[in-house]
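S.K.: Sequence first, predicted model second:
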Amino acid sequence: MSQFPEALKYTKDHEWVSIDGDTATVGITDFAQHELGDIVYVEVDTVGDALKHGDVFGTVEAVKTVSDLFMPVGGEIIELNKAIESQPELVNTDPYGKGWMIKIKLSNSADVDGLLSSADYQKLVGA
């Protein structure tokens, strides 16, 4: 059973976003980690880069597949969750908590308006 926390925003690419002032914390959704299966590696080599909404900021590797990770909002990647480098399984076990991936300093707060609500994301994935 996938979870869809109401306080978060979502993308059609299955990322979740938590906004705190001009900082966005980003991870992949519970739905996405279920679809991918056991995650074995997360690669993000864009820390310090300013990227636009929709740009690829990294990849997530599961046992059977590799998926690109897309910027849900434009901005500078200011932090990578170091814990997932040594424990990528946190993305499976706690996708909305300890399994977060990056923090972004927002460049355009209007990008947030294009994100999906919990209810809209649930409709997208057929939950």
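M.R.: Great, that's in hand. Numbering: from 1, shown residues only.
S.K.: Look up the closest residue to the spatially most central residue of the chain, ignoring the ones flanking it.
M.R.: Geometric centre of the chain, nearest residue: residue 27, 2.5 Å, by C-alpha atoms, centre = their mean. The spatially closest residue to residue 27, leaving aside those adjacent along the chain, is residue 100, at 4.3 Å (C-beta to C-beta, 6 or more residues apart in numbering). C-beta: built from backbone N, CA, C; applies to glycine.
S.K.: one step back: quick one: residues contacting the residue nearest to the centre of the chain.
M.R.: Contacts for residue 27 were tallied using C-beta atoms under 8 Å, 6 or more residues apart in numbering; they are 15-16, 91, 95-96, 99-101.
S.K.: So for residue 3, what's the pLDDT?
M.R.: On pLDDT, residue 3 comes in at 86.
S.K.: residue contacts, it?
M.R.: Residue 3 is in contact with 30, 96, counting by C-beta under 8 Å, 6+ apart.
S.K.: Helix, strand, or coil at it?
M.R.: Classification of residue 3 using DSSP: H, G, I helix; E, B strand; the rest coil returns coil.
S.K.: now residue 111
M.R.: helix.
S.K.: neighbours around it, how many?
M.R.: Counted with other C-beta atoms under 10 Å, residues neighbouring residue 111 total 20.
S.K.: And what about the residue nearest to it when sequence neighbours are not counted, helix, strand or coil?
M.R.: Leaving aside its chain neighbours, residue 111 sits nearest to residue 73 (3.8 Å; criterion: C-beta to C-beta, 6+ apart). Secondary structure state of residue 73, per three-state DSSP, is coil.
S.K.: Just the CA trace of the helix or strand containing residue 34, in PDB.
M.R.: Assessed by DSSP states H and E, residue 34 sits inside helix 30-36. Only the C-alpha atoms of helix 30-36 are listed here, as PDB (Å, rounded to 0.1, in the frame of the first residue of the first chain):
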ATOM      1  CA  ASP A  30       6.700   5.300  -2.100                       C
ATOM      2  CA  PHE A  31       4.900   4.300  -5.300                       C
ATOM      3  CA  ALA A  32       8.200   4.800  -7.300                       C
ATOM      4  CA  GLN A  33      10.300   2.800  -4.900                       C
ATOM      5  CA  HIS A  34       7.700   0.000  -5.100                       C
ATOM      6  CA  GLU A  35       7.800   0.100  -8.900                       C
ATOM      7  CA  LEU A  36      11.700   0.100  -9.000                       C
END
